[in-house]
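> This is a predicted model, with the sequence first.
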Amino acid sequence: MVGLPAKRSSCALERLGSGDKYAILAAGWLRRLVAARSPGKAESHRVTSRPGRPRIGFDARALAFPAGGVRRYTRELFSALPVLHPEADFVAVDPPPGIKLPPGVVRGARAFRLPTNLARMTFALPGAIRRSAVDLFHAPAYTAPLIGRCPTVLTIHDVSYERRPDFYPHALGPVRRWFYRRSAVCAARIITDSEFSRAEISAAYGIAASRVDAIPLGVGAPFVGAPPSGVASLAPGVRPPYVLHVGDLHPRRDLLTALRAVLGIRSRAWDAVPTLRLVCAGVDRGSAETLCRAAADAGAPEAVVLLGPVSENDLVSLYQHAAVLVYPSLYEGFGLPVLEAMACGLPVVAANAGSVPEVLGNAGILVACGDGRAMASAVREIISRPDHRAALGARGRERSKLFSWVQTAQATFAVYRSLLGVP
């Protein structure tokens with residue numbers, strides 16, 4: 001097995017699903033092909049675009065990716081590109097059944113179904129890329145085929161799974177980590193969302209920083225200048241005052257720190273806000289039970305409201321009526337909710353970690369990781385001082401104007417152009 005000692009191969013195979021077993025058993029066949037695609041040979045992926053319109057394909061399965069930020073990135077990027085660059089065709093390779101494609105995107109070939117991502121990337125997707133007749137392929141979500149006839153651009157949003165594997169004790173075995181690493185090594189170019197992630201990718205995989213482009217994300221139109229909505233538009237059980245967290249409920253998001261801050265404000269000896277709640281919008285990735293148990297143990301089970309995933313319209317309403325966005329995450333590759341909150345004029349209190357300081361700048365308040373008291377103090381000051389809240393909201397709106405999906409798309413197309421050799 002490539003990348004693992006031979007004596008461990010059978011043991012590793014026993015822990016895999018059937019699709020991954022088939023993929024790894026083909027490693028001998030892939031060894032020469034993968035070895036030929038190394039960082040030192042990245043420039044050999046340059047191709048000359050076919051006469052006429054260049055065809056740029058992307059992995060359309062990312063439009064239905066489990067992580068909401070990846071879905072938004074893919075849809076916003078490939079909604080902007082056809083408008084900005086009508087001289088090129090943008091092809092959705094292997095679109096999921098029933099998925100609505102962004103306007104102007106061409107539907108490409110489907111790949112045959114296999115049970116795992118590794119098996120799909122190894123056997124099915126390369127054929128779909130070939131049948132789609134694209135000049136370049138963009139994989140927007142961490143992994144990509146290791147072989148192919150055209151250059152591959154890979155977007156890696158973060159490498160928390162590599163740099164902080166303690167956050168993923170059951171989800172990342174050695175084969176999957178090998179696959180993530182080989183995807184990065186084999187890509188002609190890598191795109192990531194921040195300078196922080198650019199440095200992390202280089203350190204994690206030993207890839208020259210010159211092969212990694214940091215292209216910040218943008219903020220969608222619904223979050224910019226949205227008309228105020230009434231309190232009645234909020235989800236059942238959500239009423240001001242509340243602090244908001246947006247994003248998957250994952251251990252690395254450190255939501256217990258946010259809860260400690262809320263509980264501290266509710267129980268202060270003076271100027272308490274006894275009805276304050278922590279409202280969480282996002283898919284549970286293993287933290288919900290711990291969060292609810294902690295609130296119950298504190299005698300305040302009502303202090304936590306878990307909404308699960310919400311629609312874009314509901315999300316805008318949540319931003320508009322919240323007192324503050326809390327973002328205590330210990331590791332982020334960008335932090336899209338921070339940008340969306342700023343665009344809505346919502347003050348942000350976040351942990352001083354990962355890429356968040358890049359995004360937030362001086363438009364919000366940063367506290368030390370895991371410091372619930374500092375977070376409580378910052379949130380309480382925002383709630384008690386309307387002038388302070390208004391000033392932070394105004395700074396956030398100004399800061400958010402530095403980010404747009406148009407800029408993201410233009411910088412991404414510049415990467416495509418450099419590989420295709422077109423002016």
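Arrived safely, thanks for sending.

> so where's the stretch 101-250 of the chain uncertain?
Residue ranges of the stretch 101-250 of the chain with pLDDT under 70: 169-172.

> Could I get the full set of strands for it?
Under the criterion DSSP state E, counting those that start in this stretch, strands of the stretch 101-250 of the chain are mapped to 106-107, 136-139, 152-155, 189-192, 212-214, 242-246.

> Give me the contacts around the third one.
Contacting residues not belonging to strand 152-155 are listed as 45, 73, 136-145, 183-184, 186-192, 415-416, 419 [Cβ atoms under 8 Å, 6 or more residues apart in numbering]. From N, CA and C alone the C-beta is placed, and that goes for glycine too.

> Now that strand - C-alpha only, CSV.
Only the C-alpha atoms of strand 152-155 are listed here, as CSV (Å, rounded to 0.1, in the frame of the first residue of the first chain):
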residue,chain,number,x,y,z
THR,A,152,-5.8,19.8,-11.4
VAL,A,153,-6.4,22.8,-9.2
LEU,A,154,-7.2,21.7,-5.6
THR,A,155,-8.9,23.9,-3.0
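
> Within its sheet, name the partner strands of that strand and how each one runs.
strand 136-139 (parallel), strand 189-192 (parallel) (DSSP bridges).

> How about the last one?
If you go by DSSP bridges, strand 242-246 pairs up with strand 277-281 (parallel), strand 324-327 (parallel).

> Going by neighbour count, which residues of the helix or strand harbouring residue 339 are buried?
In the assignment (DSSP states H and E), residue 339 maps to helix 336-343. For helix 336-343, a neighbour-count test (16 or more other Cβ atoms under 10 Å) marks 336-343 as buried.

> List of residues touching stretch 256-265?
By Cβ under 8 Å, 6+ apart, stretch 256-265 touches 243, 245, 272-273, 276-278, 290-291, 294-295, 298, 300, 303-304, 326, 328, 351, 369-373, 375-376, 379-380, 383.

> ugh, wrong one, I meant stretch 312-322
Against stretch 312-322 from outside (Cβ under 8 Å, 6+ apart): 220, 222-223, 226, 228-229, 231, 233-235, 238, 240, 242-244, 246, 279, 281, 307, 310, 325, 340-341, 344, 346.

> Tell me the buried residues within the residues you listed.
Looks like the contacts of stretch 312-322 have 220, 223, 226, 229, 234-235, 238, 242-244, 246, 279, 281, 307, 310, 325, 340-341, 344, 346 buried, using 16+ other Cβ under 10 Å.

> in the stretch 51-200 of the chain, which spans are helices?
Secondary structure of the stretch 51-200 of the chain (DSSP state H, counting those that start in this stretch): helices located at 68-84, 117-119, 125-131, 160-163, 174-186, 195-205.

> Dump the ones you listed to TSV, plus distance to residue 406 and mean neighbour count.
As requested, these are exported to TSV (distance: least, Cβ to Cβ, whole Å; neighbours: other Cβ atoms under 10 Å):
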stretch	distance to residue 406	mean neighbour count
helix 68-84	6	20
helix 117-119	31	21
helix 125-131	27	20
helix 160-163	28	19
helix 174-186	27	20
helix 195-205	20	20
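
> Looking at the strands paired with strand 242-246, which is nearest to residue 363?
strand 324-327 (11.6 Å; Cβ to Cβ).

> List the buried residues in that closest one.
324-327.

> do stretch 162-169 as well
162-164, 167-168.

> Between those residues, which sits nearest residue 54?
When these are compared against residue 54 (criterion: Cβ to Cβ), the nearest one is residue 162, at 32.7 Å.

> From residue 84, how far out is that closest one?
33 Å (Cβ to Cβ, to the nearest Å).

> Tabulate the buried residues of strand 324-327 (CSV), appending distance to residue 179.
Shown next, in CSV, are those (distance: Cβ to Cβ, whole Å):
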residue, distance to residue 179
324, 39
325, 34
326, 34
327, 30
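
> Looking at the strands paired with strand 242-246, which is nearest to residue 251?
Minimum separation from residue 251 across the strands paired with strand 242-246 (Cβ to Cβ) falls at strand 277-281, 13.8 Å.

> Let me know the angle separating that closest one from helix 336-343.
Between strand 277-281 and helix 336-343, the angle comes out at 120 degrees (axes from the mean of the first three to the mean of the last three Cα atoms, to 10 degrees).

> for the residue nearest to residue 336 when sequence neighbours are not counted, what are its contacts?
Spatial nearest neighbour of residue 336, chain neighbours left out: residue 69 (5.0 Å); criterion: Cβ to Cβ, 6 or more residues apart in numbering. Neighbouring residues of residue 69 by Cβ under 8 Å, 6+ apart: 157, 247, 334, 336.

> now that we have these, which one has the most neighbours?
In terms of neighbours by other Cβ atoms under 10 Å, the contacts of residue 69 top out with residue 334 at 25 neighbours.

> ok, it to residue 247 distance?
11 Å.

> What separation do you get for the residue lying closest to residue 182 once chain neighbours are set aside and residue 70?
Nearest residue to residue 182, sequence neighbours excluded (Cβ to Cβ, 6+ apart): residue 146, at 5.7 Å. From residue 146 across to residue 70, the span is 20 Å (Cβ to Cβ).

> got TSV for the helices of the stretch 51-200 of the chain, with distance to residue 393 too?
Converted to TSV, the helices of the stretch 51-200 of the chain look like this (distance: least, Cβ to Cβ, whole Å):
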stretch	distance to residue 393
helix 68-84	23
helix 117-119	41
helix 125-131	44
helix 160-163	30
helix 174-186	39
helix 195-205	25
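
> What segments of the stretch 251-400 of the chain are strands?
277-281, 304-308, 324-327, 348-351, 365-367.

> just the angle between the first one and helix 68-84, please?
I take that to be strand 277-281. Strand 277-281 and helix 68-84 are oriented at 50 degrees to each other (the same axes, to 10 degrees).

> Extract the CA atoms of strand 277-281 and return them as CSV.
The C-alpha trace of strand 277-281 is given here as CSV (Å, rounded to 0.1, in the frame of the first residue of the first chain):
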residue,chain,number,x,y,z
ARG,A,277,-29.3,32.5,25.4
LEU,A,278,-26.8,30.9,23.1
VAL,A,279,-28.4,30.2,19.7
CYS,A,280,-26.5,27.7,17.5
ALA,A,281,-27.2,27.4,13.8
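
> Could you list the domains of the chain?
For the chain, the domain assignment from automatic domain parsing gives the residue ranges 6-218+405-420, 221-400.

> Alright, calling it a day.
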